[in-house]
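In: quick one, what's the 3D model for this:
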Amino acid sequence: MTVKQTFLVVGGDSLVGGGVVDALQRRSHPVFASTRRRNTLNPRRVFLDFESDRPFLAPVAVNYVFLIAAATNYDRCEKDPLAKVINAELIPRAVASLLEQGVFVTFISTNAVFGGDRPWPHEDDPHAPGIAYSQQKSEAESIIRAAAEQLGTCDRLNIVRLTKIMNTGVSPLPAWFAAWKRGEPVEPFSDLIFAPISIRFVGEALATIGERHIAGNLHLSGADNVTYVELAHALARRLGVDADLIRPTTSVEKGVNIPFKPRFSGLGMTRTTELSGIRPQPLDHLVDDLIADMNE
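Out: Predicted structure coming up:
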């Protein structure tokens with residue numbers, strides 16, 4: 001059953017947050033978004049600073065919150081103690097406060113909590129985080145789940161893990177498109193595996209999850225584990241770009257240090273599909289969304 005309600009997107013200025021706001025607005029839902037940019041405040045944009053000691057109160061009309069904000073830069077999570085405070089202390093504190101206010105909360109997490117060595121981990125599988133970012137997100141999940149259990153609000157919480165999100169502004173796509181326009185080759189990595197999904201897919205999927213009030217752990221994933229070389233070829237075919245303008249290389253050959261290089265990136269979505277009807281996004285559908293994004 002679809003429940004009409006008013007939403008708040010915490011992290012509305014982010015790529016995912018903006019996609020969720022757009023999807024909810026397309027469905028004619030009233031939407032608020034939070035921001036740290038005071039000069040952009042208006043009746044639908046509310047100020048939220050996780051570092052403030054003052055508790056954040058959701059607008060009175062809101063009954064569902066998507067909490068999308070986080071410190072996501074891998075290097076920062078390794079080196080900056082504040083990143084861990086934000087990810088594993090301040091954001092979980094905000095989730096607990098929102099649950100106490102009686103709203104339903106979606107906390108956005110990452111496929112990285114599974115470490116990348118197991119294919120298609122399911123929603124309730126154990127974690128095996130490696131890098132600091134994934135450790136912090138895994139810890140945040142545990143803290144949030146414990147708070148919900150203590151408050152008796154598990155029926156008003158879900159944790160949604162995402163794979164890599166793409167639009168035409170996400171690296172390396174702008175450089176690829178510019179090179180192809182000049183008739184120059186690109187060098188995608190064959191040793192970097194991901195299960196990409198489009199921002200439109202994520203926005204629409206999260207809007208559906210929000211409308212249906214689905215509690216528990218959920219996953220949104222691409223349907224296939226692919227390399228950046230495979231993505232480049234899929235895009236080139238759709239754009240009519242000569243395959244000779246794709247010259248595979250590796251991060252090792254280029255001397256590029258990539259902190260998170262999973263063997264498997266995709267997430268199992270059995271529970272999510274059963275409860276929501278949402279299926280993993282095939283690569284060709286991702287390409288469709290990227291092409292549409294280019295033409296807007």
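In: give me the nearest residue to G130, chain neighbours excluded.
Out: Using Cβ to Cβ, 6 or more residues apart in numbering and skipping residues adjacent in sequence, the residue nearest G130 is G115, 5.1 Å away. Placement of C-beta: from N, CA and C, glycine included.
In: what about that neighbour, how many residues nearby?
Out: Around G115 there are 19 other residues, counting by other Cβ atoms under 10 Å.
In: next: L245.
Out: Using other Cβ under 10 Å, L245 has 16 neighbouring residues.
In: how close does it sit to T168?
Out: Note on L245: its distance to T168, by Cβ to Cβ, to the nearest Å, is 18 Å.
In: and the strands in the protein?
Out: Remark: strands of the chain, listed N- to C-terminal, are 7-10, 31-35, 45-47, 64-67, 104-110, 157-162, 165-166, 193-194, 197-198, 216-220, 226-227; assignment by DSSP state E.
In: which of those is buried the deepest?
Out: Comparing the strands of the chain by mean neighbour count (mean count of other Cβ atoms under 10 Å), strand 7-10 comes out on top with a mean of 27.
In: which strands and helices sit next to that one?
Out: helix 15-26, strand 31-35, strand 64-67 (3 or more Cβ pairs under 8 Å, 6 or more residues apart in numbering; DSSP states H and E).
In: with just CA atoms, put the shortest one into CSV.
Out: It stands for strand 64-67. Coordinates of the C-alpha atoms in strand 64-67 are reproduced here as CSV (Å, rounded to 0.1, in the frame of the first residue of the first chain):
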residue,chain,number,x,y,z
TYR,A,64,9.7,10.1,6.8
VAL,A,65,13.4,11.0,6.7
PHE,A,66,16.1,9.8,4.3
LEU,A,67,19.4,10.3,6.0
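In: which intervals of the stretch 151-296 of the chain have sub-threshold pLDDT?
Out: Across the stretch 151-296 of the chain, not a single residue meets the criterion (pLDDT under 70).
In: just checking, what packs against the longest helix seen in the chain?
Out: In the chain, ranked by residue count with DSSP state H as the criterion, the top helix is helix 132-151. Counting contacts by 3+ Cβ pairs under 8 Å, 6+ apart, helix 132-151 packs against helix 74-79, helix 81-85, helix 91-100, strand 104-110, strand 157-162.
In: wait, doesn't K164 sit right on I197?
Out: Yes: under the contact definition of Cβ atoms under 8 Å, K164 touches I197, with a separation of 7.1 Å.
In: re earlier: would you list the helices and strands packed on helix 132-151 in TSV and tack on distance to W120?
Out: Output for the helices and strands packed on helix 132-151, formatted as TSV (distance: least, Cβ to Cβ, whole Å):
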stretch	distance to W120
helix 74-79	23
helix 81-85	29
helix 91-100	27
strand 104-110	15
strand 157-162	12
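In: quick one: contacts of stretch 9-29?
Out: When contacts are defined by Cβ atoms under 8 Å, 6 or more residues apart in numbering, stretch 9-29 is touched by residues 4-7, 31-37, 45, 48, 65-70, 94, 108, 162, 165, 167, 169-170, 199-200, 202-204, 206-207, 210-211.
In: burial count for A223?
Out: Each residue near A223 was counted by other Cβ under 10 Å, and the total is 17.
In: would you list the phi and psi of the residue lying closest to it once chain neighbours are set aside?
Out: Residue nearest to A223 in three dimensions, not counting chain neighbours: P280, with 3.9 Å by Cβ to Cβ, 6+ apart. Listed backbone geometry of P280 is phi -50, psi 150, with angles given as degrees, to the nearest 10.
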